[in-house]
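Student: I'd like to go over a predicted model; first the sequence, then the structure.
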Amino acid sequence: MPYSPTTLLERELVDKSSADCYPVRFTPIIRERIWGGNRLKSWFSLQDPRPIGEYWLLSAHPGGISIVDNGPLKGMPLNELVARFPEAYLGQSPQERFPLLIKFIEAADDLSVQVHPADDYARQAEGDYGKTEAWYILEHGPSAEIIYGHGFTDPEHFRRSIREQTVKDYVKRRPIRKDELVYVPAGTLHAILKGTIVLEIQQTSDVTYRVYDWDRKDANGRSRQLHTEKAALAMFAAPPASPAVWQTITLLHNDSVVHEHLLSCPYFVIERVQINAGKRYVLRPGKPGNPDVLVVLEGAGFVAYGEQQQPVHFKRGDALLIPASLQRYQIHAEQQTKIIRSYY
């Protein structure tokens, strides 16, 4: 149901300029998956017997649009939020909608081996954007590895491996560790493996081409669809990945805070901010004129902003959209806190 302001305060806020906007939280969108699990349910006090594989924290994709869950704008969908207050909550976006889709992924079983297209092919074939993404590793399985890359020599070799059911002989495995960031540009063959939990930051897109699904059957004995030809084009006809700085660089380290750069690519920047309990940290927007997104991985506290404004509290699992209209904001850590900040 479209948001409709009902109280006097809500009507006044909607009528004001974006300078009066505030940090907003969102209600997670829960997705059942055949490979999903149960470990993240406690983060969200979720009582659900189904295997949950994805928690969409921030999304403007038609497949699942986030809803504000705090303050006078509570109940407003993200697409309406950016339409009403574009300067504050959208800024200079590479898409007409909010351009980042942020989610937790919990893999109790192996995900399919898959690939995502780049922008040009996705726009032509799917009417959507491409999907470059990055994973922040929260937990990993006993193998401590992912599928990342392949050894196919050309498209025909790839097609032949599909026919002969030898795909898994040519996928490459990459070791991973907790608190590592993995960059996955469009065109990269990949899979998250059993026991792994990640925070995924990606372009707003839901285009996935499945290559191999470990001979898995659903509850009705059916295999999931493969996308061989589209995957071949995504892997072999994609333009080279745009330059990226995939490196941990310390921006600030003192007795209160450790602030690090993890990745800069054409679609987003990712940073890690760790704040000791009882301390605070003042931040300015990562990209002036564009909003910040904060995802809380550990701890609890609040964001203070402006004069005589009520702080916005956060806990583990929350995603906050910080409006670009705030020239600065303070993160107060009531507990030892770890936050991933992203912006575009």
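Tutor: Thanks, I have it. Residues are numbered from 1 along each chain as shown.

Student: Can you name the element that comes right after the helix or strand harbouring Ile34?
Tutor: In this assignment (DSSP states H and E), Ile34 forms part of strand 29-37. Following strand 29-37 in sequence order, the next helix or strand is strand 52-58 (DSSP H and E).

Student: now for that following strand, which elements pack on it?
Tutor: Applying 3 or more Cβ pairs under 8 Å, 6 or more residues apart in numbering; DSSP states H and E, we find strand 52-58 packed against strand 29-37, strand 100-106, strand 319-322. Every C-beta, even on glycine, is put in place using the N, C-alpha and C of the backbone.

Student: So for Ala232, which of those strands sits nearest?
Tutor: strand 29-37 (24.0 Å; Cβ to Cβ).

Student: Need the CA coordinates for the closest one. PDB is fine.
Tutor: The C-alpha trace of strand 29-37 is given here as PDB (Å, rounded to 0.1, in the frame of the first residue of the first chain):
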ATOM      1  CA  ILE A  29      12.800  -8.700   3.300                       C
ATOM      2  CA  ILE A  30      13.000 -12.400   4.000                       C
ATOM      3  CA  ARG A  31      13.700 -14.900   1.100                       C
ATOM      4  CA  GLU A  32      13.300 -18.600   1.400                       C
ATOM      5  CA  ARG A  33      16.000 -20.500  -0.600                       C
ATOM      6  CA  ILE A  34      16.600 -24.200  -1.200                       C
ATOM      7  CA  TRP A  35      20.100 -23.800   0.200                       C
ATOM      8  CA  GLY A  36      19.100 -21.400   3.000                       C
ATOM      9  CA  GLY A  37      19.600 -22.000   6.700                       C
END
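
Student: where along the stretch 101-250 of the chain do the helices fall?
Tutor: Residue ranges of the helices in the stretch 101-250 of the chain, as given by DSSP state H, counting those that start in this stretch, are 119-126, 155-164, 228-236.

Student: quick one, which of the ones you listed is packed in tightest?
Tutor: Among the helices of the stretch 101-250 of the chain, helix 228-236 has the highest mean neighbour count (mean count of other Cβ atoms under 10 Å), at a mean of 20.

Student: any idea of the mean pLDDT for that one?
Tutor: Across helix 228-236, pLDDT averages out at 96.

Student: do the same with stretch 249-258
Tutor: Mean predicted lDDT for stretch 249-258 stands at 98.

Student: and it, how far apart are its ends?
Tutor: By Cα to Cα, to the nearest Å, the extent of stretch 249-258 from end to end equals 11 Å.

Student: Tell me the buried residues in it?
Tutor: Neighbour-count burial for stretch 249-258 flags 257-258 (criterion: 16 or more other Cβ atoms under 10 Å).

Student: Name the residues that touch that stretch?
Tutor: Applying Cβ atoms under 8 Å, 6 or more residues apart in numbering, the external contacts of stretch 249-258 come out as 259-261, 271-276, 279-281.

Student: Could you pull out the strands in the stretch 101-250 of the chain for me?
Tutor: Counting by DSSP state E, counting those that start in this stretch, the segments of the stretch 101-250 of the chain that form strands are 113-115, 133-139, 145-150, 171-175, 181-184, 190-191, 197-203, 209-212, 245-253.

Student: who wins for proximity to Glu96 among those strands?
Tutor: Of all those, it is strand 197-203 that lies closest to Glu96, at 13.1 Å by Cβ to Cβ.

Student: so what are the domain limits for the protein?
Tutor: 8-236, 245-343 (automatic domain parsing).

Student: Could you tell me the end-to-end distance of stretch 332-344?
Tutor: By Cα to Cα, the extent of stretch 332-344 from end to end equals 24 Å.

Student: If you count neighbours, what's buried in that stretch?
Tutor: Buried residues in stretch 332-344 (16+ other Cβ under 10 Å): 332-334, 337-344.

Student: now it, how far from the centre of its chain.
Tutor: Going by Cα atoms, centre = their mean, to the nearest Å, the spacing between the C-alpha centre of stretch 332-344 and its chain's C-alpha centre is 15 Å.

Student: now swap in stretch 243-250 and tell me
Tutor: Offset of stretch 243-250 from its chain centre (Cα atoms, centre = their mean): 18 Å.

Student: follow-up on the earlier one: can you redo the helices of the stretch 101-250 of the chain as CSV with distance to Val68?
Tutor: As requested, the helices of the stretch 101-250 of the chain are exported to CSV (distance: least, Cβ to Cβ, whole Å):
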stretch, distance to Val68
helix 119-126, 28
helix 155-164, 44
helix 228-236, 34
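
Student: nearest to Gln247, of those?
Tutor: If you check each of the helices of the stretch 101-250 of the chain against Gln247 by Cβ to Cβ, helix 119-126 wins as the nearest, at 24.3 Å.

Student: what residue ranges in the protein score low on pLDDT?
Tutor: Applying pLDDT under 70 to the chain flags the ranges 1-19.

Student: for it, which residue is closest to the average position?
Tutor: The structure's the chain has its C-alpha centroid closest to Ile102; by Cα atoms, centre = their mean the separation is 2.2 Å.

Student: how far away is the residue nearest to that one when sequence neighbours are not counted from Leu101?
Tutor: Spatial nearest neighbour of Ile102, chain neighbours left out: Leu58 (4.4 Å); criterion: Cβ to Cβ, 6 or more residues apart in numbering. From Leu58 across to Leu101, the span is 7 Å (Cβ to Cβ, to the nearest Å).

Student: Sweet, I'm off.
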